[in-house]
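Chemist: Here is the input, now give the coordinates:
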Amino acid sequence: MTEELDVLLREVDKKKAELGLKPELAPDVLEAFEERFLYDCIYQSNAIEGNRLTREEVEHILKNNEVIEGKSLSDHVLVLGYRDATLIGQRYAKNNIRITEFEIKRLHYMMLIDRHGEGSEYRDYNMMIHGHRPTSYEKVPYKMMQLVESKPSEDRHPLESIAYFHLRLEKIHPFGDGNGRVGRVIVNIMLEQAGYPAIIFNADDKQEYYEALSAYDGLDGKPRVEPMQILLAKLVIRQLDERLAL
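Modeler: Numbering: from 1, shown residues only. The predicted model follows:
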């Protein structure tokens, strides 16, 4: 572990402990915060993938179930799919449901609300993503089984293990589409199950996020896990700060 990561993880645990000492929020305050978080999370994660709806438009669609004139139907559908997958993910987190292939496939099915024929099905072809080739499709089922059956090391901080799981999932890239969005929902499930707040991957984090994914790809011959672990720690700190300020 680098010194930078060690310092960040210590800060995470310090702020988490501080949050645990705060009185519970009033129900109306908590409800408003969770509603805003949902809209922000959906907007930001979809923006990373190129969705052109604004934050205000995302909220309007979800609150009023209306189509925004002049915006593509596909962008609207991505918002609804992300909402459905996120709500299922919140249920998994609340009930401490272990993430298996079934849960991952179900999240993907909900995410691809307009393409249920593709939802939950592993890809049966090879592909290139940003100049690198994910796991060969023939190996996807085996690699996914390995991933979900692996157990976090007791010597690792929970955030280290969650980041590593995310990297492995994105490297396998089991589906033809929706891998990043489903992967980020799973990060939040695992965070909440470990006692940490769910986070938001902002569009402004996109470059660092993709650089962290590329670092694990090891195109330079040196696959690295720590860039994603560092990013995840930063995002958890950001969310802890927001909750401490309530």
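Chemist: Just give me the residue right at the centre of this protein.
Modeler: R184 (1.1 Å; CA atoms, centre = their mean).
Chemist: Show the pLDDT at that residue.
Modeler: Looking at R184, its pLDDT reads 97.
Chemist: what's the answer for M128, then?
Modeler: As predicted, M128 sits at a pLDDT of 88.
Chemist: How about the one 3 residues further on?
Modeler: As predicted, G131 sits at a pLDDT of 68.
Chemist: rewinding a little: from A85, how far out is the residue nearest to the centre of the chain?
Modeler: Distance from R184 to A85, counting by CB to CB, to the nearest Å: 10 Å. All C-beta spots, glycine's among them, are computed from the backbone N, C-alpha and C.
Chemist: Ok, H130 next?
Modeler: Distance from H130 to A85, by CB to CB: 23 Å.
Chemist: Look at these two and report which has more neighbours.
Modeler: A85 (26 against 8; other CB atoms under 10 Å).
Chemist: what's the burial count for I172?
Modeler: When neighbours are counted by other CB under 10 Å, I172 comes out with 22.
Chemist: Could you find the closest non-adjacent residue to I99?
Modeler: Using CB to CB, 6 or more residues apart in numbering and skipping residues adjacent in sequence, the residue nearest I99 is I186, 6.0 Å away.
Chemist: who touches A212 in this structure?
Modeler: By CB atoms under 8 Å, 6 or more residues apart in numbering, the contact list for A212 reads 167, 227-228, 230-231.
Chemist: Considering those residues, which possesses the most neighbours?
Modeler: Within the contacts of A212, M228 tops the neighbour count with 25 neighbours, counted by other CB under 10 Å.
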